[in-house]
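Novice: Any chance you can model this:
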Amino acid sequence: MNIKRVFEAIKNLSEPTSTINKGLTFESFVHEVYSAILRLEDKNVLISKNVTILGKSGASHQFDVYYEFTRANVKHRVAIECKNHSRPVDKGKVSEFKG
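Specialist: Predicted coordinates for the structure are as follows:
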């Protein structure tokens, strides 16, 4: 991932497109930005788009962008949902995402 791809992703965000394509474009943008930042700091980071992970209960959960790394023998997992809401996300949605 390089800075040129980040700028291309930014350009794509401003181009007219359908709501579905805007969402996918935004997910790609977030993926490119996090990839660029994380690769600067650590070469051993796994970063992916559209990831499905099984939870403790066995239920599957889909995330738009996901990355993980191990530092000091501790595995860190970060899940990102890309949404375009017209108002702030309520506390219940945040709790649901955390769960």
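Novice: If you count residues, where's the longest strand of this protein?
Specialist: In the chain, taking DSSP state E as the definition, the longest strand is strand 60-71.
Novice: Give me the next element, helix or strand, following that strand.
Specialist: Using DSSP states H and E, the helix or strand that directly follows strand 60-71 along the chain is strand 74-80.
Novice: tell me the angle of that next one relative to strand 60-71?
Specialist: 140 degrees (axes from the mean of the first three to the mean of the last three Cα atoms, to 10 degrees).
Novice: Quick check: next helix or strand after strand 74-80?
Specialist: Following strand 74-80 in sequence order, the next helix or strand is helix 91-98 (DSSP H and E).
Novice: tell me the mean pLDDT for that following helix?
Specialist: What helix 91-98 shows for mean pLDDT is 80.
Novice: Ignoring the adjacent residues along the chain, who's closest to Glu68?
Specialist: Using Cβ to Cβ, 6 or more residues apart in numbering and skipping residues adjacent in sequence, the residue nearest Glu68 is Arg77, 4.6 Å away. Backbone N, C-alpha and C define where each C-beta goes, glycine included.
Novice: List the contacts of that neighbour.
Specialist: By Cβ atoms under 8 Å, 6 or more residues apart in numbering, the residues touching Arg77 are 66-68.
Novice: do you know how far it is from Thr25?
Specialist: The spacing between Arg77 and Thr25, counted by Cβ to Cβ, to the nearest Å, is 25 Å.
Novice: Surely Glu81 and His61 touch.
Specialist: No: under the contact definition of Cβ atoms under 8 Å, Glu81 does not touch His61, with a separation of 10.0 Å.
Novice: mind checking which helix or strand of the protein has the lowest mean pLDDT?
Specialist: In the chain, no helix or strand scores lower on mean pLDDT, DSSP states H and E than helix 3-14, which sits at a mean of 58.
Novice: Tell me how many other residues surround Thr25.
Specialist: Neighbour count for Thr25, taken as other Cβ atoms under 10 Å: 19.
Novice: any idea of the pLDDT on Ala36?
Specialist: 76.
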